[in-house]
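Participant: Show me the folded form of this:
(one chain, ligands or ions: 1)
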Amino acid sequence: MHSRLESLSPKKRPDHVNLSGRVLFLTKDAELVRRQLAGEDLPFPDDLELRDDISTDEITPAYICYYYDARLGEFPYLGLKCGDELPVTRGSVKAGGFACSVSGKRRGKGSSREQSPYAEMCAGIRLVIAESIERIYCENCQNLGVLTSTDFSLIERVRSGEEIPLSVFTEGAGDITRGVIEYGGLFQYNVARLQGSATVPAVATGPRPMTLAEKIFVRHWVVDLSRDQVGVSHVRAGDEGFVRTDIRFSHEYVTPMAAIFWEQHVGADAKIVDPESVLFFRDHLTFLELAMTDERKADGLLDVALELKAKQEEFAEKQGVKLYGELPRIGRNEVPRGSEAICHSKILEQYALPGHLIIGSDSHTPHAGAIGCVAFGVGTTAIFNSWLTKDVRIRVPPSLLIRISGKRPQQVTAKDFMLQILRHPYVRNGHAIGKIVEYAGEAVKELSVDERATMTNMAAEVGAFTGIVAPDEKVVDFLARERGLDPDEVRPLLAGLYSDEEADYEEVIDIDADSLRPMVALPGDPGNGMFIHELGDRVKVDVAYAGSCTAGKKSDMDMYALVFQDAARAGRRVHLDVECFIQCGSQEVKRYCEEKGYLDLFARVGAQFIEPSCGACINAGPGVSYDTETVTISAINRNFPGRSGPGQLYLASPYTTAASAIAGYITQWTPGQIPDPIEAG
Ligand code: SF4
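Facilitator: The predicted model follows:
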């Protein structure tokens, strides 16, 4: 144990908590929000229509996350959309004296950024009440010491200043979650655990059929941290414990805040445990200065954002951790060129192995589930604690099986599968939140590993804990081809990595691939899917953005190229009114594009190729929209309000994105055919 930790004496909170303060209702009506910020307390329930689906992008828009310390308290809810309005202004929540924040379903959906609950906490919010709360956001709250509940009767108790028993917030929670809540945060709990004053109960689950993910958990289950004992025989949904990680990674949005927590709590000179299995990435903000408005630059936000890069570099060097950084900048003006790789793209390309347990600071960490890993996103506090303990707390989630049978039409892709899944009522109504999604069936088996990664990646949009596909010969081929591994050494890794026939799934969703057609999700939510042929009037497109972790893999490049080859043969180019960008996920993908001649092809048809980075996907690079009228078609994974700028962002497959770039309106690709262009103007 680090010496500083021995001198700490973590204490539990008192049995009753006083949360007295004002209650802020995040309503659909902007005027009601403004009135509360101006000092009015609204009666409840009184027909208040609460906002559902408040994403972390709305709680702390990406540009707010350039701050990584208590300054965040100035900014919670700055991106909250009420109708077409953004009623919350800088400093207004903090000045309002609110202790409790209330909203509807799926609170905290979207990215895993801990800046959101940290901003709320720093603004004075100590309790979040919502109809349902997304897993990562909820865990981040607990880890920081912010209380959460789905019990709306607490509202009056908070308002009346009543002392509320702490047990109200721990009822139904497992031992560890209860411990974290009682100790007021994960770090305090972990110190108690390392000191032996908090013990993790042993798992009592006996022999039973298990899912693939459960089998991976048992291999990584920490029995005794101090004696380095790992592995149990069986687990079931609901079992709580800690699991040993094989890989821990974070990017520049998270590493600096985690580094600050580390330095504050563990010590500036303390060393991360097993730094070889830790990776840092500079990927999210590499192109930020090319996309940031002059107004924001004048507000000093670029300087704040560059602090993230500097802090991560300094910490990586001090800790001896491998950093996938920026490419060298160009010229005297130091124009940014991009990154070496997007984090989970690189993890799948080079590090993950079947059966691994991986945590990352990004909600799309499940990407690596494509080769049979349990990979999931965690927040800043969990990352910083894992540097100390090498493990992460877990409550084994229930599983959901999504079985896709039949044969998909040629132009239907994994992205179309996902848009269909996301509009399924079970998912739309939030029932998949926090679950493990196992994708199976002949149509999934037929997909390449890259395409499977689109599905596991978008488990984040499902709201799931993670997504996973059982590894098979395609995975062996992938590892042999991409990493030069010997297939005979890879095959043994697959042993036991399958779900037992009698394994327990909370729900099974069956989808018939033959019945699917290319899809598009209307702006606002990836769950707004419909078949393109149901779209009605033509939707004219201004920007086509093809890229990101989800759609910047080799197979995605193959799809863009297939459409553009058709276009080039027909003497066509990207539509005059459309700006088209293609951004790959790693230097490895770029090399592939060079070898295949895609870079020439993209240039010939007028699509601009960009070096790897998250870029426009996170409103930080070429391809973002600058006004509400701009219509974008994109193969990225999410289109929450404000995600890639103020415009209207439609989600679709790589084929559809490329075909729409050529046509100038949203249209599907029909092999060998290129639709007539919409009239320019
Ligand atoms: S490309 Fe987009 S979804 Fe992927 S890691 Fe970057 S910001 Fe997240």
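
Participant: and the lengthiest helix in the chain, C-alpha only, in PDB?
Facilitator: Looking across the chain with DSSP state H, the single longest helix is helix 301-319. Taking Å, rounded to 0.1, in the frame of the first residue of the first chain, the C-alpha atoms of helix 301-319 are listed here in PDB:
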ATOM      1  CA  LEU A 301     -11.500  28.000 -23.900                       C
ATOM      2  CA  LEU A 302      -8.800  27.000 -26.300                       C
ATOM      3  CA  ASP A 303      -6.200  27.700 -23.600                       C
ATOM      4  CA  VAL A 304      -8.200  25.700 -21.100                       C
ATOM      5  CA  ALA A 305      -8.500  22.800 -23.500                       C
ATOM      6  CA  LEU A 306      -4.800  22.800 -24.200                       C
ATOM      7  CA  GLU A 307      -4.200  22.400 -20.400                       C
ATOM      8  CA  LEU A 308      -5.700  18.900 -20.800                       C
ATOM      9  CA  LYS A 309      -3.100  17.900 -23.400                       C
ATOM     10  CA  ALA A 310      -0.200  19.300 -21.300                       C
ATOM     11  CA  LYS A 311      -1.400  17.700 -18.100                       C
ATOM     12  CA  GLN A 312      -1.800  14.300 -19.700                       C
ATOM     13  CA  GLU A 313       1.600  14.400 -21.300                       C
ATOM     14  CA  GLU A 314       3.300  15.500 -18.000                       C
ATOM     15  CA  PHE A 315       1.500  12.700 -16.100                       C
ATOM     16  CA  ALA A 316       2.300  10.000 -18.600                       C
ATOM     17  CA  GLU A 317       6.000  10.900 -18.600                       C
ATOM     18  CA  LYS A 318       6.200  11.000 -14.800                       C
ATOM     19  CA  GLN A 319       4.300   7.600 -14.500                       C
END
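
Participant: near the ligand at all, it?
Facilitator: No - Helix 301-319 lies out of reach of the ligand by C-beta under 6 Å from any ligand atom, never closer than 14.0 Å. (C-beta placed from N, C-alpha, C; glycine too.)

Participant: Can you give me the buried ones in that helix?
Facilitator: 301-302, 304-305, 308-309, 311-313, 315-316, 319 (16 or more other C-beta atoms under 10 Å).

Participant: V563 contacts A652, correct?
Facilitator: No - contact between V563 and A652 fails when scored by C-beta atoms under 8 Å: they sit 12.0 Å apart.

Participant: Tell me which of those two has more neighbours.
Facilitator: A652 (31 against 25; other C-beta atoms under 10 Å).

Participant: For the ligand, see how far away the more buried one is.
Facilitator: Plainly put, A652 is 16 Å away from the ligand if you go by C-beta to the nearest ligand atom, to the nearest Å.

Participant: burial count for the residue lying closest to C617 once chain neighbours are set aside?
Facilitator: Excluding its sequence neighbours, the residue lying closest to C617 (C-beta to C-beta, 6 or more residues apart in numbering) is S548, at 4.1 Å. Neighbourhood size, S548 [other C-beta under 10 Å]: 30.

Participant: Of all the residues in stretch 96-110, which ones are buried?
Facilitator: Those would be 96, 98-110, for stretch 96-110 by 16+ other C-beta under 10 Å.

Participant: any idea how far the helix or strand harbouring E263 is from the chain center?
Facilitator: Secondary structure assigned from DSSP states H and E places E263 in helix 255-265. Relative to its parent chain, helix 255-265 has a centroid offset of 21 Å by C-alpha atoms, centre = their mean, to the nearest Å.

Participant: so it versus helix 301-319, what angle?
Facilitator: Note on geometry: by axes from the mean of the first three to the mean of the last three C-alpha atoms, to 10 degrees, helix 255-265 and helix 301-319 are set 60 degrees apart in direction.

Participant: how about helix 255-265: buried residues?
Facilitator: With burial defined by 16+ other C-beta under 10 Å, the residues of helix 255-265 counted as buried are 255-262, 265.

Participant: Tell me how far the nearest residue to P675 once chain neighbours are set aside lies from R538.
Facilitator: Of all residues not flanking P675 in the chain, A663 sits nearest, at 4.4 Å (C-beta to C-beta, 6+ apart). For A663, the distance to R538 equals 9 Å [C-beta to C-beta, to the nearest Å].

Participant: joint contacts of those two?
Facilitator: Contact criterion C-beta atoms under 8 Å, 6 or more residues apart in numbering; residues shared by A663 and R538: I678.

Participant: returning to that earlier point: going by distance to G338, which of the buried residues of helix 301-319 wins?
Facilitator: Closest to G338 out of those is K309 (13.4 Å), distances taken as C-beta to C-beta.

Participant: okay, now E579: neighbour count?
Facilitator: By other C-beta under 10 Å, the residues close to E579 number 19.

Participant: So what pairs up with it in the strands?
Facilitator: Beta-bridge partners for E579, by DSSP bridges, are V543.

Participant: surely it meets A607?
Facilitator: No - applying C-beta under 8 Å as the test, E579 and A607 come out as separate, 9.3 Å apart.

Participant: what touches both of these two?
Facilitator: In contact with both E579 and A607: A544, using C-beta under 8 Å, 6+ apart.

Participant: Go ahead and report the secondary structure state at the residue of the stretch 101-250 of the chain found nearest the ligand.
Facilitator: Nearest to the ligand, among the residues of the stretch 101-250 of the chain, is S111, at 6.7 Å (C-beta to the nearest ligand atom). Judged by DSSP: H, G, I helix; E, B strand; the rest coil, the three-state class of S111 is coil.

Participant: wait, what's in contact with it?
Facilitator: 55-57, 362-363, 460.

Participant: how about the residues you listed in a markdown table, adding neighbour count and distance to P523?
Facilitator: As requested, the contacts of S111 are exported to a markdown table (neighbours: other C-beta atoms under 10 Å; distance: C-beta to C-beta, whole Å):
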| residue | neighbour count | distance to P523 |
| --- | --- | --- |
| S55 | 27 | 13 |
| T56 | 28 | 18 |
| D57 | 25 | 13 |
| D362 | 29 | 23 |
| S363 | 28 | 20 |
| A460 | 29 | 19 |
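
Participant: Tell me which two of those residues sit farthest apart.
Facilitator: S55 and D362 (14.6 Å).

Participant: wait, W387 sits on F261?
Facilitator: No - the criterion here is C-beta under 8 Å, and W387 misses it with F261 at 9.6 Å.

Participant: hey, where'd the strands end up in the stretch 501-650 of the chain?
Facilitator: Here the stretch 501-650 of the chain has its strands, by DSSP state E, counting those that start in this stretch, at 507-512, 519-521, 529-531, 543-547, 579-583, 608-610, 631-634, 648-652.
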